[in-house]
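Q: Take a look and give me a structure for this.
(one chain, ligands or ions: 2)
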Amino acid sequence: MTYDALLIVSFGGPESTADVLPFLRNVTRGRGIPEERLAEVAEHYYHFGGVSPINQWCRSLIQALQADFAANGVNLPIYWGNRNWPPMLVDAVQRMTGDGVKRALAFTTSAYGSYSSCRQYLEDLAAARAAVGSRAPVIDKIRHFFDHPGFVQPFADHLRHSIDQVPAEAEGHTRVLFTAHSIPLAMNDVSGPEGARYTDQVAETASLVMEAARSRLPYDVVWQSRSGPPESKWLEPDVNDHLERLAAEGVKAVVVSPIGFLSDHLEVLWDLDNEAAETARRLGMSYHRAGTPGLDARVVTMVRELVAERTDGVAVKRLGKLPLWNPNDDGCCPARRPPGMGR
Ligand SMILES: CC1=C(CCC(=O)O)c2cc3nc(cc4[nH]c(cc5[nH]c(cc1n2)c(C)c5CCC(=O)O)c(CCC(=O)O)c4C)C(CCC(=O)O)=C3C
Ligand SMILES: [Fe+2]
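A: Ligands and ions are numbered 1, 2, ... in the order given. Model prediction:
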């Protein structure tokens, strides 16, 4: 297939205190998120001056990609649009249309399947194209990259580094925790063609990262950043609850690797580096947060390789064994939110 542009699609985040509440209203419109939860999350953003690192990370990633494409003879202009905060997707699609782009590939900054991490991006892409009209380009989403070596290996290197920081006294009493964003159980049940693909993919990434880090430590997959009404059931255990359990079992050190996130989003900076770190401190555990890939050169190479899979039919580079599917097909996550989650 030939493409004439690459579109980077991300979540978007506020860049000043004045942006925070309007951003949160964009994210949660029609979602049944309690007002108190919004106020609480707003405080997390205010703690960082109202600035999420996500937009600046996108800018830097795009700069690095442009240089990499130029150096490797990849002739694709790169556009950028977010789901929830400017630069918005609809403006990116408008610009692409004006530039005469007919068919584009979309790289979303989320590695996994599920309504929230994939289908919702597709819906927002479709809405942006519809708003622009019939001249808008066709846009194909790149596959989930949870098992690409450019995703797994940076996590593995950071994990190895953090394991090496664990104090000698904790030897034999150390646990690795992999975290990803919790989602409603109803959403996970219908993730991917046969359901539960979100939890399956996260579990596969966790085991691939352990293998690449050559670690034999015991590890668990846990969840973070749950929101939504308290009566709805979400993936558990929450990282903080799990730390309580581990402390009671005599675990003395934890190494936390946020494999749910390609870069240090606010969920990592607040929910892990503040909340979970504080929980561990209170429990007397040594806490080590392993890094995310962020702007690792291997991420840049990965994006180029994911593009080449589609443009040049080069072999799919992956470490995992779970079946892949085309996230543009309607046959995976339902094009409607699972019941109990708003809209
Ligand atoms: C699976 C998943 C990912 C990973 C995949 C991906 O990357 O897309 C993710 C990423 C992110 N989530 C983010 C921020 C927020 N998510 C919220 C709310 C929610 N997230 C959900 C799921 C996910 N979220 C869900 C099921 C909700 C409930 C509301 C709903 O059903 O839609 C809320 C509302 C307040 C709250 O309730 O917490 C905020 C502010 C940011 C930006 C961070 C920054 O600024 O750096 C990022 C990257
Ligand atoms: Fe989220």
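
Q: pLDDT at Asp330, what is it?
A: On pLDDT, Asp330 comes in at 68.

Q: And Gly228, by the same measure?
A: 78.

Q: My read is that Trp325 contacts Gly192, right?
A: Yes: between Trp325 and Gly192 there is a contact under CB atoms under 8 Å: 6.8 Å. Bear in mind the C-beta positions are built from the backbone N, C-alpha and C, glycine included.

Q: more crowded one of those two?
A: Shown here are Trp325 and Gly192; by other CB atoms under 10 Å, Gly192 has more neighbours (25 against 16).

Q: ok, that one to Gln201 distance?
A: The gap separating Gly192 from Gln201 is 8 Å, by CB to CB, to the nearest Å.

Q: any residues in contact with both of those two?
A: Residues touching both Gly192 and Gln201 (CB atoms under 8 Å, 6 or more residues apart in numbering): Gly113.

Q: OK, contacts around Pro149?
A: Arg298, Met302, Lys317, Arg318, Leu319.

Q: what's the nearest residue to the first one if we skip its chain neighbours?
A: Yep, that's Arg298 we're talking about. Gly150 (4.3 Å; CB to CB, 6 or more residues apart in numbering).

Q: How many residues are close by that neighbour?
A: Residues near Gly150, counting by other CB under 10 Å: 20.

Q: Over to the one 4 residues further on?
A: A count of nearby residues for Pro154, using other CB under 10 Å, gives 23.

Q: residues of the helix or strand harbouring it that come out buried?
A: For Pro154, the host element (DSSP states H and E) is helix 149-165. Buried residues in helix 149-165, counting neighbours by 16 or more other CB atoms under 10 Å, are found at 149-160, 162-163.

Q: Need the max-distance pair from the residues you listed.
A: The most widely separated members of the buried residues of helix 149-165, counting by CB to CB, are Gly150 and Ile163 (21.3 Å).

Q: quick one on the thing from earlier: which one of the buried residues of helix 149-165 is nearest ligand 1?
A: Phe151 (12.9 Å; CB to the nearest ligand atom).

Q: confidence score at the closest one?
A: 98.

Q: excluding its backbone neighbours, what's nearest it?
A: Phe145 is the one closest to Phe151 (CB to CB, 6+ apart), at 5.3 Å.

Q: didn't the one you found look like it was pressed against Ala111?
A: Yes: using CB under 8 Å, Phe145 is in contact with Ala111, at 5.1 Å.

Q: between the two, what contacts are shared?
A: Phe151.

Q: filter the contacts of Pro149 down to the ones close to ligand 1.
A: Near ligand 1, judged by CB under 6 Å from any ligand atom, there are no entries from the contacts of Pro149.

Q: And the helices in the stretch 1-150 of the chain?
A: 17-28, 35-47, 54-71, 89-98, 120-132, 149-165 (DSSP state H, counting those that start in this stretch).

Q: Trp223 bridge partners, please.
A: Ala180, Asp238 (DSSP bridges).

Q: OK, contacts around it?
A: Per CB under 8 Å, 6+ apart, neighbours of Trp223: Thr179, Ala180, His181, Ser182, Trp234, Leu235, Glu236, Pro237, Asp238, Val239.

Q: mind putting these in TSV, neighbour count, distance to ligand 1 and pLDDT included?
A: Below are the contacts of Trp223 laid out as TSV (neighbours: other CB atoms under 10 Å; distance: CB to the nearest ligand atom, whole Å; pLDDT from 0 to 100):
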residue	neighbour count	distance to ligand 1	pLDDT
Thr179	28	11	98
Ala180	28	7	98
His181	24	4	98
Ser182	23	7	98
Trp234	19	8	96
Leu235	21	10	98
Glu236	12	14	97
Pro237	16	17	98
Asp238	21	13	98
Val239	25	15	98
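
Q: Would you format the residues you listed as JSON lines with distance to Ala106 included?
A: Shown next, in JSON lines, are the contacts of Trp223 (distance: CB to CB, whole Å):
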{"residue": "Thr179", "distance to Ala106": "26"}
{"residue": "Ala180", "distance to Ala106": "22"}
{"residue": "His181", "distance to Ala106": "20"}
{"residue": "Ser182", "distance to Ala106": "25"}
{"residue": "Trp234", "distance to Ala106": "28"}
{"residue": "Leu235", "distance to Ala106": "26"}
{"residue": "Glu236", "distance to Ala106": "32"}
{"residue": "Pro237", "distance to Ala106": "33"}
{"residue": "Asp238", "distance to Ala106": "32"}
{"residue": "Val239", "distance to Ala106": "31"}
